[in-house]
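>>> Quick one, what's the 3D model for this:
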Amino acid sequence: MKEKTSVFQNIGKTFKKIVFIYLPIILIAGIILANTFIIKPNEYGVIKEFGRIVKVIEEEGLKIKIPFIQSVSKLPKHILFYDVPATEINTFDKKRILVDYYTLWKITDPIAMLETLKTIEAAEARLSDIMYSSVRNELGKLEYGEIINPADNKRGSVDLVVQDNINNILRNNLNGIEIVDIQMKRIDLPESNEQSVYKRMISERASKAQEYLSQGDAEKTKIMANADREVAELIARTSSRAQEIIAEGEKEAAKIYNDSYSQDPDFFKLYTTLNSYRTSIDNETLIMIPIDSPYLKYLSGE
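Residues are numbered from 1 along each chain as shown. Sure thing, here's the model as predicted:
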């Protein structure tokens, strides 16, 4: 019995030792771990005491807050993307269009941002409201063609003006956020206007195509007329030159004939006479020749 009592006493002493020595250490370590947090390079750490902001931590690393008194919340330090919902606006020439924007923004003052806007979602909602008003005002100063036509595109300057306007409003309201960039993604027509606009565009394109066809036909006629004129002039020049060559050839032939015939006048007389007969006499010609005609002698071979 004494040995059992001694064993229980030793166990009791060990338990008391654990309770009074190790347990506080474990509790302290647990409290420290529970109040230790990490700030990443792209984060702000906001320390609050009973709901009041007392400190903003910008350096990354392992941090500790006061247990049961302080709480910590984190905000992004990097640039954020927000896709603004598409909205309808009226252009200067009373055309209804649907514009779709996106913006890049960042938190510049975490304390001001939390005090005025509370959350990231609330900040984006605020951006959407301000952006809609500014975009509507600026695009409302431009005509529809100036907005959609790349040759007359003034949207780049409009985007800069909208960005400056929004940042001025955010600074005046001490919202602690800033627009880094804003860009228009696309422009559409409301569904109620699409079909009528498409029909008008088709009609305009068809009219333009017909204009091009008419210009092509006119140019074709002009080219063909010029070609016909050049061909006629070429034929005329060629015919004239051919007549000149023929005349020169006949002249040369006559000269040769004269030179040849002068060598035998009787033969020349006979040849010309026979040629005259060949020219003037055909199958239906009736010739009456006197019996004593020399020509009859030639024909009869006497």
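>>> which stretches of the stretch 151-300 of the chain aren't confidently modelled?
In the predicted model, the stretch 151-300 of the chain carries pLDDT under 70 at residues 151-156, 190-198, 261, 264, 277, 279-282, 285, 287, 294-300.
>>> Can you show me the strands along it?
In the stretch 151-300 of the chain, the strands defined using DSSP state E, counting those that start in this stretch lie at 177-188.
>>> now the helices: where do they sit in it?
Ranges of helices in the stretch 151-300 of the chain, per DSSP state H, counting those that start in this stretch, are 155-172, 191-261, 265-280, 294-300.
>>> In contact with residue 246, which residues?
Residues counted as contacts of residue 246 (C-beta atoms under 8 Å, 6 or more residues apart in numbering): none. Where C-beta positions appear, they are placed from N, C-alpha and C, glycine not excepted.
>>> Could you work out the end-to-end span of stretch 36-47 for me?
Terminal residues of stretch 36-47 lie 12 Å apart, using C-alpha to C-alpha, to the nearest Å.
>>> roughly how far apart are residue 242 and residue 230?
18 Å (C-beta to C-beta, to the nearest Å).
>>> And residue 48, by the same measure?
In terms of C-beta to C-beta, residue 48 sits 95 Å off from residue 230.
>>> Those two: which has the busier surroundings?
residue 48 (16 against 10; other C-beta atoms under 10 Å).
>>> Would you double-check that that one falls in a strand?
Yes - Residue 48 forms part of a strand when assessed by DSSP: H, G, I helix; E, B strand; the rest coil.
>>> Nearest residue to it in space, ignoring adjacent ones along the chain?
residue 71 (5.0 Å; C-beta to C-beta, 6 or more residues apart in numbering).
>>> Tell me the secondary structure at the one you found.
When classified by three-state DSSP, residue 71 comes out as strand.
>>> Likewise for residue 118?
What three-state DSSP gives for residue 118 is coil.
>>> hang on, the earlier thing: hang on, the residue nearest to residue 48 packs against residue 53?
No - judged on C-beta atoms under 8 Å, residue 71 makes no contact with residue 53 at a distance of 10.3 Å.
>>> Spell out which residues make up each domain of this structure.
If you go by automatic domain parsing, the domain ranges for the chain are 2-76, 80-188, 196-245.
>>> Straight-line length of the second one, end to end?
It refers to domain 80-188. Distance across domain 80-188, first residue to last, is 26 Å (C-alpha to C-alpha).
>>> And residue 216, how far from residue 100?
40 Å.
>>> Among those two, which residue is more densely surrounded?
residue 100 (14 against 10).
>>> who does the more buried one bridge with?
Listed beta-bridge partners, residue 100: residue 186 (assigned using DSSP bridges).
>>> one step back: so what sits against both of residue 71 and residue 53?
Common neighbours of residue 71 and residue 53 are listed as residue 47 (criterion: C-beta under 8 Å, 6+ apart).
>>> From residue 224, how far off is residue 216?
Relative to residue 224, residue 216 is positioned 12 Å away (C-beta to C-beta).
>>> Repeat that for residue 257.
From residue 257 to residue 224 the distance is 48 Å (C-beta to C-beta).
>>> The two - which one has more neighbours?
Using other C-beta under 10 Å as the criterion, residue 257 and residue 224 rank with residue 257 on top: 13 against 10.
>>> picking that back up, can you list the helices of the stretch 151-300 of the chain in JSON lines and add distance to residue 82?
Formatted as JSON lines, the helices of the stretch 151-300 of the chain follow (distance: least, C-beta to C-beta, whole Å):
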{"stretch": "helix 155-172", "distance to residue 82": "12"}
{"stretch": "helix 191-261", "distance to residue 82": "25"}
{"stretch": "helix 265-280", "distance to residue 82": "109"}
{"stretch": "helix 294-300", "distance to residue 82": "124"}
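>>> so which of these is the most packed in?
Stretch with highest mean neighbour count among the helices of the stretch 151-300 of the chain: helix 155-172 (a mean of 17; mean count of other C-beta atoms under 10 Å).
>>> quick revisit: highest mean neighbour count out of the domains of the chain?
Burial of the domains of the chain is given as mean neighbour count (mean count of other C-beta under 10 Å); domain 80-188 ranks first at a mean of 16.
>>> chain center to that domain, what's the gap?
Its chain's C-alpha centre lies 23 Å from the corresponding centre of domain 80-188 when counted by C-alpha atoms, centre = their mean, to the nearest Å.
>>> now stretch 256-267
For stretch 256-267, the distance to the chain centre is 90 Å (C-alpha atoms, centre = their mean).
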